[in-house]
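Visitor: Have a look; sequence and predicted model below, questions after that.
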Amino acid sequence: MYSQHLHINHMMKAKTKSIFFLILMFLLYSVGLGTIGIIVFFSIDNDSLHLGAIIAYIVFTIPFLYILFKKTRIHLFSPATEHASTNFPWLRLLCIAIALFAIGEVYARLFSPYPTTAHETSVVNIIIDALSNLLFAPILEELFYRKWMITYLERARVKPIYILLITSFLFFIAHIEFFHWYFRCETFLFGVVMNYIYTKYRDVRCCKFVHFINNLLAVVLSYIG
């Protein structure tokens, strides 16, 4: 009985340690790397600053993710389990992406504290949107928030419902616009759906596809609007 109690305490300490490490990596990923990118390009004009910060963010994030996956012994590109689906559910995921985009647009129009404006169609702005929304977010965010976080917490034997809440909440926190105090609550729902997709198909490509389509629709609408 005593040994069983010690085993439970050991398991709880291990889970707590794993969650603290995960939160530390989240802060480094979502705050630290972006701050480095801004500092590197701080002295240049606004458009170049924005573009340069994104480029620096990607340059610093790629090796960060590589080291993180390597140190925690999680495969970066291979499926999380041997039961990964071989049939890519294009149509189903496309419908999910469109639905998430529609929910996000409705929420933004109803609760946004500042008007949604069309983007300037300059070459610099197009490059910025392409890099940040169509390349950076679908690939790097899904690798971090879904592939690494979910796999890491599963290895720590955290319950699925807690994994769902932790990963979705951290994804939500990362997308709060603090300067406008704008809580993008639809991103929590987005995180929940991405968590479900990853745990169902065990293939991060599915999450990347949904994320890409959702962002593509948002970018196209912003320029058309």
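Guide: That came through, no problem. Numbers count the residues shown, from 1 in each chain.

Visitor: which ones are touching the residue most central in space within the chain?
Guide: Central residue of the chain (CA atoms, centre = their mean): E141, 3.3 Å from the mean position. E141 makes contacts with 171, 211, as judged by CB atoms under 8 Å, 6 or more residues apart in numbering. C-betas here are computed from N, CA, C, even on glycine.

Visitor: For it, give its distance to R109.
Guide: Going from E141 to R109 by CB to CB, to the nearest Å gives 24 Å.

Visitor: Determine the set of other helices and strands touching the helix or strand containing L68.
Guide: Per DSSP states H and E: L68 is located in helix 46-71. Judged by 3 or more CB pairs under 8 Å, 6 or more residues apart in numbering; DSSP states H and E, the packing partners of helix 46-71 are helix 33-40, helix 123-129.

Visitor: So what touches the one helix or strand T167 maps to?
Guide: For T167, the enclosing helix or strand under DSSP H and E is helix 160-174. Residues outside helix 160-174 that contact it (CB under 8 Å, 6+ apart): 19, 22-23, 26, 30, 141, 145-146, 149-150, 153-154, 158, 184-185, 187-188, 190-192, 194-196, 199.

Visitor: just stretch 71-78 next, same as before
Guide: Taking CB under 8 Å, 6+ apart as the rule, stretch 71-78 contacts 65-66, 69-70, 143, 147-148, 151-152, 155.

Visitor: go again using 6 Å as the cut-off
Guide: 69, 148, 151-152 (CB atoms under 6 Å, 6 or more residues apart in numbering).

Visitor: Please produce a ChimeraX select command covering the buried subset of these.
Guide: For the buried members of the contacts of stretch 71-78, the matching ChimeraX selection, counting by 16 or more other CB atoms under 10 Å, is:
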select :69,148,151,152
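
Visitor: With distance to V204 and secondary structure as added columns, please give the contacts of stretch 71-78 in CSV.
Guide: What follows is these, written out as CSV (distance: CB to CB, whole Å; DSSP: H, G, I helix; E, B strand; the rest coil):
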residue, distance to V204, secondary structure
F69, 12, helix
W148, 9, helix
T151, 10, helix
Y152, 13, helix
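
Visitor: Give me the mean pLDDT for the helix holding T167.
Guide: For helix 160-174, the mean pLDDT works out to 95.

Visitor: Same check on stretch 70-82?
Guide: Taken as a whole, stretch 70-82 has a mean pLDDT of 75.

Visitor: cool, and stretch 94-113?
Guide: For stretch 94-113, mean pLDDT rounds to 88.

Visitor: Buried residues in it, which are they?
Guide: Buried residues in stretch 94-113, counted by 16+ other CB under 10 Å: 96-97, 100-101, 104.

Visitor: the strands in the protein, which residues?
Guide: Along the chain, no segments are classed as strands by DSSP state E.

Visitor: Can I get the buried residues of stretch 94-113 in CSV including distance to D203?
Guide: Output for the buried residues of stretch 94-113, formatted as CSV (distance: CB to CB, whole Å):
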residue, distance to D203
I96, 14
A97, 15
L100, 18
F101, 21
G104, 24
